[in-house]
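1. please find the sequence and the predicted model below.
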Amino acid sequence: MNSFEVIGGKKLKGEIVPQGAKNEALQIISAVLLTSQKVTITNIPDILDVNLLIELLGELNVKIERPQRDTCIFQADDVNVDYLRSDAYKQKSGRLRGSVMLAGPMLARFRKAYIPKPGGDKIGRRRLDTHIIGFEKLGASFNYSGDGFFELQAPNLKGTYLMLDEPSVTGTANIIMAAVMAEGTTTIYNAACEPYIQQLCKMLNRMGAKITGIGSNLLNIEGVQSLGGTEHRMLPDMIEIGSFIGLAAMTQSDITIKNAGIEHLGIIPEKFKQLGIQLNFKGDDIHVPAQEVYEIQTFLDGGVLTIYDHPWPGFTPDLLSIVLVVATQARGSVLIHQKMFESRLFFVDKLIDMGAQIILCDPHRAAVVGLGREQKLRGIQMSSPDIRAGVSLLIAALSADGKSVIQNIEQIDRGYQYIDKRLQALGADIKRI
Ligand SMILES: CC(=O)N[C@H]1[C@@H](OP(=O)(O)OP(=O)(O)OC[C@H]2O[C@@H](n3ccc(=O)[nH]c3=O)[C@H](O)[C@@H]2O)O[C@H](CO)[C@@H](O)[C@@H]1O
Ligand SMILES: C=C(OP(=O)(O)O)C(=O)O
């Protein structure tokens, strides 16, 4: 198990380019199974989860050329469907959440799919009901073997009207991919509509699918006979961008985030501005100037600000841990309300050990009383519980007095490409030990 050793307190400076989006990559790379023709994908992040999914495709006998580290050409013209029943698949796919999205394309193209218990962050219950019920409504039948393994059969997928129980992101992606080659028309209401789902739909349309309503929560999909090849480029990773904004504010650094894809960031910049962080937009770059103090806004009536997650276009739950850590050095107070996941806030114990003033009200809510830089956090030894808490602890460590050691950094490597090297380039004192 690797660790990061960080000597905190250094102000950083420079430019950083966000990686291609992790959660988009997991959808897009799954979609290559929908055609026997070549699909070229660029701006692929070089991170554990995405590399694992690419390996899984290779083991399914998909041909993969990697002319550059960030580019893959996939061709799924001789897929070994039986691999999905193997123990090797069960084990490997259990290491990431994204593997669940192989099911939709497999059903669409090969009429069967196997879903083992997916991996990903242990951040509370993560049910698959939306996926399975969606497949069932399209005509699939399933067998549940009791150990988290679903076997799905769909000799004949038929378009229908689906009202999703919740706008699950991977659930929506899965159902879209199952429906593109179903007979007739599928309507999905209460669909997730974040930029990565939009990207998936646009790519599928380029492959020959007929999807309308892209960007809304009401999608209409007219089934087609087959799909063809295409090229696709991943958007910049909005969670990484939010993490870099938080990093700059917390460490009083002057950082420019290059080519940030600002039009796809939705409400994210606004939430950081509510914490008092200054953001300058220059073309598609975001400049975060070094700020002595940032002050949390109140609501219009003077009430304490609450920041909470909500399906897109609401604020993503994946940035709440970052917002929380940044608030610890702000002037003012904020209530962080993590509505979607019940086990994502426990990492605040470590921030409290570092000297932050936080009251964990219950598993979903934490009140942060900002220190306003009157007192620095102290470096400590800690372990990264999940990907975003891990980066939040890293940001805390970079701002703290003295040395911190962060263990279990595989969690961070799941989603942040070469993070130690990229931070070193900004002047951070961080090393992998
Ligand atoms: C690989 C991938 O893309 N992972 C992302 C995806 O996971 P994933 O697709 O697994 O997450 P879901 O959208 O299914 O839902 C996440 C959790 O939120 C709950 N929920 C969801 C919608 C809702 O309206 N109310 C509600 O409470 C669900 O019950 C579940 O516990 O979306 C999550 C929510 O943006 C992100 O945190 C994950 O990073
Ligand atoms: C929760 C996340 O990832 P996953 O769904 O892959 O566990 C995340 O990216 O913050």
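-> Yep, it's here. Ligands and ions are numbered 1, 2, ... in the order given.
2. now the residue lying closest to Arg206 once chain neighbours are set aside: phi and psi?
-> Using CB to CB, 6 or more residues apart in numbering and skipping residues adjacent in sequence, the residue nearest Arg206 is Thr230, 4.3 Å away. All C-beta spots, glycine's among them, are computed from the backbone N, C-alpha and C. Backbone geometry at Thr230, expressed as degrees, to the nearest 10, gives phi -160, psi -180.
3. same question, Arg125
-> Here is the backbone geometry of Arg125 (degrees, to the nearest 10): phi -60, psi 140.
4. quick thing: my sequence starts at 531, can you match it?
-> Will do, 531 is the new start, and the previous item becomes Arg655.
5. what does the domain assignment say about the protein?
-> As given by automatic domain parsing, the domain ranges for the chain are 533-549+766-962, 552-763.
6. would CSV of those with distance to ligand 1 and mean pLDDT be doable?
-> Converted to CSV, those look like this (distance: least, CB to the nearest ligand atom, whole Å; pLDDT from 0 to 100):
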stretch, distance to ligand 1, mean pLDDT
domain 533-549+766-962, 3, 97
domain 552-763, 3, 94
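7. circling back: the residue nearest to Arg736 and Gly538: what is the separation?
-> 45 Å (CB to CB, to the nearest Å).
8. ditto for Met884
-> Distance from Met884 to Gly538, by CB to CB: 10 Å.
9. find the residues that touch each one of those two.
-> Common contact partners of Met884 and Gly538 (CB atoms under 8 Å, 6 or more residues apart in numbering): Leu907, Gly909, Ala930, Ser934.
10. how about the stretch 531-680 of the chain: which residue is closest to ligand 2?
-> Of all residues in the stretch 531-680 of the chain, Gly650 sits closest to ligand 2, at 2.8 Å by CB to the nearest ligand atom.
11. got a list of what the closest residue to that residue other than its chain neighbours touches?
-> In space, and not counting its chain neighbours, Gly650 is closest to Arg627: 2.8 Å by CB to CB, 6+ apart. Going by CB under 8 Å, 6+ apart, Arg627 touches Leu556, Asp579, Pro648, Gly649, Gly650, Asp651, Arg656, Thr700.
12. how much space between the fifth one and Ala670?
-> So the one you mean is Gly650. Per CB to CB, Gly650 is found 23 Å from Ala670.
13. looking at the two, which is more packed in?
-> Remark: of Gly650 and Ala670, Ala670 carries more neighbours, 22 against 19, as counted by other CB atoms under 10 Å.
14. tell me which of Thr760 and Gly538 has more neighbours.
-> Higher neighbour count among Thr760 and Gly538: Gly538, with 24 against 20, using other CB under 10 Å.
15. okay but the more buried one is in contact with Ile925, surely?
-> No: with contact defined as CB atoms under 8 Å, Gly538 does not reach Ile925; the gap is 9.8 Å.
16. thinking Met764 is in contact with Asp576, fair?
-> No: counting by CB under 8 Å, Met764 sits too far from Asp576 to count as a contact (12.0 Å).
17. where do the helices sit along the stretch 581-730 of the chain?
-> Counting by DSSP state H, counting those that start in this stretch, the segments of the stretch 581-730 of the chain that form helices are 617-623, 633-640, 659-667, 699-709, 725-736.
18. meant to ask about the stretch 781-930 of the chain
-> Going by DSSP H, counting those that start in this stretch, the stretch 781-930 of the chain shows helices at 798-804, 850-857, 878-883, 917-929.
19. just tell me which of these ends up closest to Gly588.
-> helix 917-929 (23.9 Å; CB to CB).
20. which positions in the following helix or strand past the closest one come out as buried?
-> With elements assigned by DSSP states H and E, the helix or strand that comes after helix 917-929 is strand 933-937. Buried residues in strand 933-937, defined by neighbour count with 16 or more other CB atoms under 10 Å: Ser934, Val935, Ile936, Gln937.
21. right, and out of those residues, which lies closest to ligand 2?
-> The closest of those, once distances to ligand 2 are taken by CB to the nearest ligand atom, is Ile936, at 16.9 Å.
22. is that closest one bridged to anything, and to what?
-> Going by DSSP bridges, Ile936 is paired in beta bridges with Phe534, Met912.
23. now swap in Leu692 and tell me
-> According to DSSP bridges, the partner residues bridging Leu692 are Ile718.
24. next up, the contacts around it.
-> Gly664, Lys667, Leu668, Ile705, Thr716, Thr717, Ile718, Tyr719.
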